[in-house]
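*Asks:* Here's a sequence, model it:
(2 chains)
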Amino acid sequence: MTDSTKKGMNRRSALKLAGATAALTFPGPFINRAYAREVLYVNTWGGPWEESARINWFEPFMRENNVEIKTVSPVSFAKLAAQVKTGVYEFDCTTLGDADIVRANEAGIIEDIKQSPIDQSKLWKDAVFQNGVGSHAFATLISYRKDKFPNGGPQTWAEFFDVKKYPGARCLQRHAGRVLALALLADGVPADKLFPMDIDRAFAKLETIKPAMRVWWTQGPQSGQLLRDGEVDLIGIWQTYPVRLIKEGIPVEMVWNQALLDKAYWVVSKGSPRRELAWKFIQSAVQPERIAKFSLANVYGPLNPKAFDHISAEDAKLTPTSPENIKKVVQQDTSKAGDQMAEANKLFERWISR
Amino acid sequence: MVPPVGSAAIKSGSSDAKAWLLLLPALAFLAVFFLVPLGQVVFFSVMDPGFTLKHYTSFLSDSFYWRVLWGTFQTAGIVTIFALLMSYPLAYMIVRMGGHFATVMLLIIAMSFWTSFLVRTFAWMVILGNNGPLRAILEAFGWSPAPQLLFTRFSSTLAMVHLLIPFMVLALYSVMKKIDMNFVRAARSLGATPFQAFHRVFLPLSAPGIVNGCTLVFIMCLGFYVTPVLLGSPREQMIAGLIGTQIEEFLEFGEASATSVILLLVTLAIFAIYNRFVGLDKLWG
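*Replies:* Numbers count the residues shown, from 1 in each chain, chains lettered A, B, ... in the order given. Have a look, this model is predicted:
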């Protein structure tokens, strides 16, 4: 296997050439800066995510500060890494998940929050993680078709992996970090001992459900569609989709127990010429009311606890960070995973196609 | 008129030079947007981090990559053959019938051209799904329970054939419509059966269209990966998807570049062999 961890740092010369070419062919950001109104470039997931971000985050910020926000999608870790090395900034800030933010912070491609105008004492407890500011959370949870399991489906990942007790077609996300963690939970590893992961043990457990894995989902909407059409009977899925399906009256059940929590953090691209503005934007985006509205639109859980003042008790029940659900979910401490994620990713892709 | 830029070639009045001048914008475009990036890919493949051939040796010594590469070519070959088998009669009918039939058929083909690949892929998910019409029809005919169709090699191949048929039909049509039907009539009048007239006269004349269409479809198919991921079996992996993963997930620019170069070289090699034994230039006439 290759020494993948340090390679990112030594690619400088080659990437500079790429940067020079990119600068020649795509001078967009520099031309735009010549206009009177300052522009901030935000990396988004596009689609409904961006729509709700526009209404709840971008528009109020643009009005208050007389700046313009332009978006680039989808979220790309590769671009974040490349633009810091080339100095050509396609976006100034983005959101990263638990595993990626550790990787990004280690590689030195995000700004140090201590150098920022953000006053951490005004944020909530645990708001800052690895130089990112917590925004919202989503969970990978068990969901199943009620018409397939009228007497109730699996309530734990161990039961999800039990093909004898719960026979049926299964589906999980094609995402090494999450799937391996779920396999370890299913094999009885306690939540606080997940990382660093015992990769061999995880694959051994995964092998037991491989024949029942009908498909791996790659896009959020695709996972919802698979469950809606009954293509699969059991699925590990983000809460947004079963919540919507249940509202539509589709016979689907969702299980909060052992839901694997993922948090999204705002980060600023290292060395971006617009970093001050980017931090200012982040500060406005995590305000209780704005993060509450954004989260509601996508059924995410806001990480700012004060946001629940703006969410009805009924809606709060559907979010992974509500006081009730947060006790049932599994919180990952990915900082202990170190650099094993890259290797796990490669092994996982090979394992799937075997 | 060519502006008097004082080039010796122009003064000599050579029509070749003028032709080259007309080609200049296209050549410049290709150089900037095709050759430079391609050169960069080759550069990355041996310069990550310093000069090294390890990205090539690790690819060549790993059976995983060979299996993905072989699977990709196999899929592309199968899809090309089925697309040809289905498109040839259609293109032939369009040329022979002409008139309203041709207009309507070409319009239908153009319409599927304009519909995005992703939309058509999702349409297949609905058609082939557990609660979709195709399984319902099979069950109505007594095949109960009908086999699950989605997430099999059958589904992804079917969809890819459908997605690529318009390219094949148009490639065939553009050649077929120029074929002088008097040749076929002459063959018939000299005693050839309808099949012989087709087999000995029309088919060889349409061969450039077949080569064009197959080349186009084969190469497009090599680059597919969304359709197999959404419709095919989880074990099916296309090399383009692997390259995407190498960049997006692993940040292995060198490895991804080396994989791309190998894909390019193997593709060129296949066409070189084809050219050697079948002779592309003879078919072009």
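
*Asks:* only C-alpha atoms for contact and neighbour calcs from this point on.
*Replies:* Will do.

*Asks:* Can you tell me which residues in the stretch 101-250 of chain B are near chain A?
*Replies:* Contact residues (C-alpha under 8 Å from any C-alpha of the partner chain) of the stretch 101-250 of chain B with chain A: B:129-131, B:151, B:233-237, B:247-250.

*Asks:* ok, so of the residues you listed, who is nearest chain A?
*Replies:* Using C-alpha to the nearest C-alpha, B:Arg235 comes nearest to chain A of those, at 4.0 Å.

*Asks:* Give me the three-state assignment for the closest one.
*Replies:* Secondary structure, DSSP: H, G, I helix; E, B strand; the rest coil: B:Arg235 is coil.

*Asks:* Count residues in the vicinity of it, would you?
*Replies:* A count of neighbours around B:Arg235, defined by other C-alpha atoms under 10 Å in any protein chain shown, yields 19.

*Asks:* Tell me where the stretch 1-150 of chain B has helices.
*Replies:* Taking DSSP state H, counting those that start in this stretch to define them, one finds helices in the stretch 1-150 of chain B at B:8-11, B:15-30, B:36-46, B:54-60, B:63-97, B:99-114, B:117-128, B:133-140.

*Asks:* nearest to A:Cys171, of those?
*Replies:* Nearest to A:Cys171 among those is helix B:117-128; the distance by C-alpha to C-alpha comes to 15.7 Å.

*Asks:* Outside of that closest one itself, list whatever touches it.
*Replies:* B:132-135, B:149-150, B:155, B:159, B:163, B:226-227, B:230-231 (C-alpha atoms under 8 Å, 6 or more residues apart in numbering or on different chains).

*Asks:* Can you say which of those residues are buried?
*Replies:* By neighbour count, with 16 or more other C-alpha atoms under 10 Å in any protein chain shown, the contacts of helix B:117-128 hold B:134-135, B:149-150, B:155, B:159, B:163, B:226-227, B:230-231 as buried.

*Asks:* Which two among those residues are spaced furthest apart?
*Replies:* Applying C-alpha to C-alpha across the buried ones among the contacts of helix B:117-128, the maximum distance is between B:Arg135 and B:Val226, 23.5 Å.

*Asks:* just to revisit the earlier point, looking at the contacts of helix B:117-128, spot the one nearest A:Glu276.
*Replies:* Of all these, B:Val226 has the smallest distance to A:Glu276: 38.8 Å, by C-alpha to C-alpha.

*Asks:* residues touching the closest one, list them.
*Replies:* Each residue near B:Val226 by C-alpha under 8 Å, 6+ apart is listed here: B:118, B:241.

*Asks:* Repeat that for B:Val68.
*Replies:* Residues in contact with B:Val68 (C-alpha under 8 Å, 6+ apart) are B:237-239.

*Asks:* shaky segments in chain B?
*Replies:* B:1-14, B:278-285 (pLDDT under 70).

*Asks:* Chain neighbours aside, what residue packs nearest to the spatially most central residue of chain A?
*Replies:* What sits nearest the mean C-alpha location of chain A, by C-alpha atoms, centre = their mean, is A:Gly97, with 4.0 Å. The shortest distance from A:Gly97 to any non-neighbouring residue, by C-alpha to C-alpha, 6 or more residues apart in numbering or on different chains, is to A:Ala264 (4.6 Å).

*Asks:* Count the residues that sit near the residue of chain A found nearest chain B.
*Replies:* Among the residues of chain A, A:Ser353 lies nearest to chain B; the distance is 4.0 Å by C-alpha to the nearest C-alpha. Close neighbours of A:Ser353, defined as other C-alpha under 10 Å, add up to 14.

*Asks:* can you pull the contacts of it?
*Replies:* By C-alpha under 8 Å, 6+ apart, the neighbours of A:Ser353 are B:234-237.

*Asks:* Please confirm that A:Thr95 is located within a strand.
*Replies:* Yes - judged by three-state DSSP, A:Thr95 forms part of a strand.

*Asks:* secondary structure class for the nearest residue to it once chain neighbours are set aside?
*Replies:* What sits nearest to A:Thr95 in space, not counting adjacent residues and going by C-alpha to C-alpha, 6+ apart, is A:Trp266, at 4.5 Å. In three-state terms, and counting by three-state DSSP, A:Trp266 is strand.

*Asks:* for A:Trp266, what are its contacts?
*Replies:* A:93-96, A:132-135, A:282.

*Asks:* can you tell me how far it sits from A:Glu289?
*Replies:* A:Trp266 sits at a distance of 17 Å from A:Glu289 (criterion: C-alpha to C-alpha, to the nearest Å).

*Asks:* Just give me the residue closest to the centre of chain B.
*Replies:* Relative to the mean C-alpha position of chain B, the nearest C-alpha, by C-alpha atoms, centre = their mean, is the one of B:Val217, at 2.0 Å.

*Asks:* pLDDT wise, what is the nearest residue in space to A:Leu226 that is not next to it in sequence at?
*Replies:* Leaving aside its chain neighbours, A:Leu226 sits nearest to A:Val232 (6.2 Å; criterion: C-alpha to C-alpha, 6+ apart). Looking at A:Val232, its pLDDT is 95.

*Asks:* For the closest residue to B:Glu252 other than its chain neighbours, give its distance to B:Arg235.
*Replies:* Counting by C-alpha to C-alpha, 6+ apart, B:Gln246 is the residue found nearest to B:Glu252 once chain neighbours are left out, at 5.5 Å. Note on B:Gln246: its distance to B:Arg235, by C-alpha to C-alpha, is 18 Å.

*Asks:* What of B:Ile78?
*Replies:* Taking C-alpha to C-alpha, one finds B:Ile78 at 17 Å from B:Arg235.

*Asks:* Also A:Leu80?
*Replies:* Distance from A:Leu80 to B:Arg235, by C-alpha to C-alpha: 30 Å.

*Asks:* before we move on, what about B:Met181?
*Replies:* 48 Å.

*Asks:* again with A:Leu277
*Replies:* 46 Å.

*Asks:* Which parts of the stretch 201-350 of chain A are strands?
*Replies:* For the stretch 201-350 of chain A, the strands defined by DSSP state E, counting those that start in this stretch cover A:213-217, A:234-238, A:252-268, A:301-302, A:330-331.

*Asks:* which one of those strands is the most hemmed in?
*Replies:* Ranked by mean neighbour count under mean count of other C-alpha atoms under 10 Å in any protein chain shown, the strands of the stretch 201-350 of chain A are led by strand A:301-302, which reaches a mean of 31.

*Asks:* Number of residues surrounding the residue nearest to A:Leu226?
*Replies:* For A:Val232, using other C-alpha under 10 Å, the count is 23.

*Asks:* Could you pull up the residues touching it?
*Replies:* Listed by C-alpha under 8 Å, 6+ apart, the contact set of A:Val232 reads A:168-171, A:214, A:226.

*Asks:* what helix or strand is A:Phe138 on?
*Replies:* Using DSSP states H and E, A:Phe138 sits within strand A:132-145.

*Asks:* any idea which helix or strand comes after that strand?
*Replies:* Moving toward the C-terminus from strand A:132-145, the first helix or strand encountered (DSSP H and E) is helix A:157-160.

*Asks:* Can you list the strands that the very next helix or strand once past that following helix pairs with?
*Replies:* Going down the chain from helix A:157-160, the next helix or strand is strand A:170-173, by DSSP H and E. Strand pairing for strand A:170-173, using DSSP bridges, gives strand A:213-217 (parallel), strand A:234-238 (parallel).

*Asks:* how far out from the middle of the chain is the first one?
*Replies:* Relative to the centre of its chain, strand A:213-217 is centred 20 Å away, using C-alpha atoms, centre = their mean, to the nearest Å.

*Asks:* I'd like the average pLDDT over it.
*Replies:* Rounded mean pLDDT across strand A:213-217 is 93.

*Asks:* for A:Thr218, phi and psi?
*Replies:* Note on A:Thr218: its backbone torsions stand at phi -120, psi -30 [degrees, to the nearest 10].

*Asks:* Wait, it touches A:Gly224, no?
*Replies:* No - the pair A:Thr218 / A:Gly224 is not scored as a contact, 11.1 Å apart, by C-alpha atoms under 8 Å.
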